[in-house]
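Asks: build me a model:
(chains A and B)
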Amino acid sequence: MSEYKVLIVEDSPTMRQLISFALKRLRGIRIVEASDGVDGLKKLAAEKFDLILTDINMPIMDGLKLVSLLRNDANYKGTPIVVITTEGAQEDRERALALGANDYITKPIQSNRILDITRNLLNIT
Amino acid sequence: MSTEEEKGIHSRAEEFLQVFKKGAEFTHELMKENERLRFRVLELEEAQREGGLEEHAEEEKKKLLKRISELEAEKEEILGRIRKVEAENQDFAVRYVEIEHENNNLANLYIASYQLHSTLDFKEVLQIIIEIIINLIGGEEFGIMLLDEKANELQAVATEGIAREDVPPVKIGIGIIGQVAKTGENYFVEDVHSYVPDLQNPMVCIPLKIKEHVIGVLVIYKLLVQKISFAELDYELFTLLAGHAATAVFSSRLYSDSERKLTTIQGFLDLLTK
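Replies: Here you go, the predicted model:
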């Protein structure tokens, strides 16, 4: 069975654990966590990921900057990115999608939605 | 041969010829009759055969009708079973979604509880409570107020979305917040949609209790824009926070105090022994 590598970029340890716990219900998923955009870039440089889940509001480097950088990086141009954020306004959603995010989930946590989107983007049945 | 004899022979020949002709006519008639009778026999045989076929067909028809009705009954039974299985399937699907939902809720509650008790650092505990309220409940503006027993009032120790100093201290028993601290009962505004943020009158006020002893309150003034109303899990989370957050806050504060005292005592001991 193939293994999918998922990177969670989120400054809140509680939220990281919540997302991680939800994703562990899917078989063949390996999760790596990063606490901000820069930490995320370090993890992304070290290994290739199949899916990136990122928060927007984070210290050092925010999620939108990360999305923008990854979409200009040949290695991650086609890698699915999902934004998980407290920002629920339509313009925030549109901005993230325009930058290249594949999907946008608002907080509070929606485990089922995270699972559905992950299954869909990774083609897990 | 004499003429008389010739005449006799001729007459007999004539007679024979007549008899032969009649015999031929009779044979011809017999043949015609035979043909007619044969035809009739064939007709009768045909009729008889047709009559038999009809009877056979009738019998077959009856058999087929019986089989059709048997198959119809069987079909109805199968359809009934399919409908039952479909209903069961639907029921299972609904149940599965419910269990999945319940599973998610339990996992979230477990993580919230786990996080709350993962540290003895007072500031970290406050940060975890804030993270839980943002990420699990969807609070945007809220605060954590703890009881100052000497002053008999609640003071904000951590806030999100609002400045800590903007939250006024509240005397026990005064206003909604004071009443919640006094009674230990959760408070929820009746209509979330029409609520206007007011630091004295929060949307939600949850007492932080250790058994019946209130050590503080959580006050929520505003929810995230996408959070329209409270879900079932939110009430469970509020109950969890009321107990677990209180214990975590209390023990971390106690630990911090004892650490501070220990450091002070250690300082004195160092002074005395030097």
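Asks: in the stretch 1-150 of chain B, where is pLDDT below threshold?
Replies: Low-confidence segments of the stretch 1-150 of chain B (pLDDT under 70): B:1-2.
Asks: and residue 86, how many neighbours?
Replies: No chain in the question, so chain A it is. Other residues near residue A:86 number 21, with proximity taken as other C-beta atoms under 10 Å in any protein chain shown. (Each C-beta comes from the backbone N, C-alpha and C, glycine too.)
Asks: to clarify, I was referring to chain B.
Replies: Residue B:86: 10 surrounding residues under other C-beta under 10 Å.
Asks: look up how far residue B:92 lies from it.
Replies: Distance of residue B:86 to residue B:92, given as C-beta to C-beta, to the nearest Å: 10 Å.
Asks: correct me if wrong, but residue A:30 is in a strand.
Replies: Yes: under DSSP: H, G, I helix; E, B strand; the rest coil, residue A:30 falls within a strand.
Asks: how much space between it and residue A:67?
Replies: Distance, residue A:30 to residue A:67, using C-beta to C-beta: 22 Å.
Asks: those two: which has the busier surroundings?
Replies: residue A:67 (27 against 14).
Asks: for chain B, what are the nearby residues on chain A?
Replies: Proximity of chain A to chain B, by C-beta under 8 Å from any C-beta of the partner chain, involves residues A:12-15, A:17-18, A:21-22, A:86, A:88-89, A:106-109, A:111-112.
Asks: ok, and the closest non-adjacent residue to residue B:156?
Replies: residue B:167 (3.8 Å; C-beta to C-beta, 6 or more residues apart in numbering or on different chains).
Asks: and that neighbour, what does it touch?
Replies: Neighbouring residues of residue B:167 by C-beta atoms under 8 Å, 6 or more residues apart in numbering or on different chains: B:143, B:145, B:156, B:159, B:199, B:219.
Asks: what's the most centrally placed residue in chain A sitting at in phi/psi?
Replies: When chain A is reduced to its mean C-alpha position, the nearest residue by C-alpha atoms, centre = their mean turns out to be residue A:53, at 0.8 Å. Torsion angles at residue A:53 (phi, psi; degrees, to the nearest 10) stand at phi -110, psi 120.
Asks: cool, residue B:75 as well?
Replies: Main-chain torsions, residue B:75, degrees, to the nearest 10: phi -60, psi -40.
Asks: count the residues that sit near it.
Replies: Residue B:75 has 11 neighbours, counted by other C-beta under 10 Å.
Asks: for residue B:84, same thing?
Replies: Applying other C-beta under 10 Å, we find 10 residues neighbouring residue B:84.
Asks: surely it is in a helix?
Replies: Yes: assessed by three-state DSSP, residue B:84 belongs to a helix.
Asks: what about it, distance to residue B:32?
Replies: 76 Å.
Asks: and if you look at residue B:268?
Replies: The gap separating residue B:268 from residue B:32 is 155 Å, by C-beta to C-beta.
Asks: the one residue in chain A that gets nearest to chain B - nearest residue in space that isn't next to it in sequence?
Replies: For chain A, the residue positioned closest to chain B under C-beta to the nearest C-beta is residue A:88, at a distance of 3.4 Å. Using C-beta to C-beta, 6+ apart and skipping the chain neighbours, the partner closest in space to residue A:88 is residue B:226 (3.4 Å).
Asks: show me the contacts for the one you found.
Replies: Shown in contact with residue B:226 (C-beta under 8 Å, 6+ apart): A:88, A:106, B:138.
Asks: please redo it, this time with the cut-off set to 10 Å
Replies: Applying C-beta atoms under 10 Å, 6 or more residues apart in numbering or on different chains to residue B:226 gives the contacts A:85-89, A:106-108, A:110, B:138.
Asks: quick one: which of these sit in strands?
Replies: The members of the contacts of residue B:226 that map onto strands under DSSP state E are A:85, A:106.
Asks: residue B:233: which of the contacts of residue B:226 is nearest?
Replies: residue A:108 (9.0 Å; C-beta to C-beta).
Asks: secondary structure element holding residue A:16?
Replies: Using DSSP states H and E, residue A:16 falls within helix A:13-23.
Asks: elements contacting that helix?
Replies: strand A:4-9, strand A:29-34, strand A:51-54, strand A:81-85, helix A:111-122, helix B:3-116, helix B:122-132 (3 or more C-beta pairs under 10 Å, 6 or more residues apart in numbering or on different chains; DSSP states H and E).
Asks: now the ones you listed as TSV including distance to residue A:63?
Replies: Shown next, in TSV, are the helices and strands packed on helix A:13-23 (distance: least, C-beta to C-beta, whole Å):
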stretch	distance to residue A:63
strand A:4-9	7
strand A:29-34	11
strand A:51-54	4
strand A:81-85	6
helix A:111-122	15
helix B:3-116	21
helix B:122-132	17
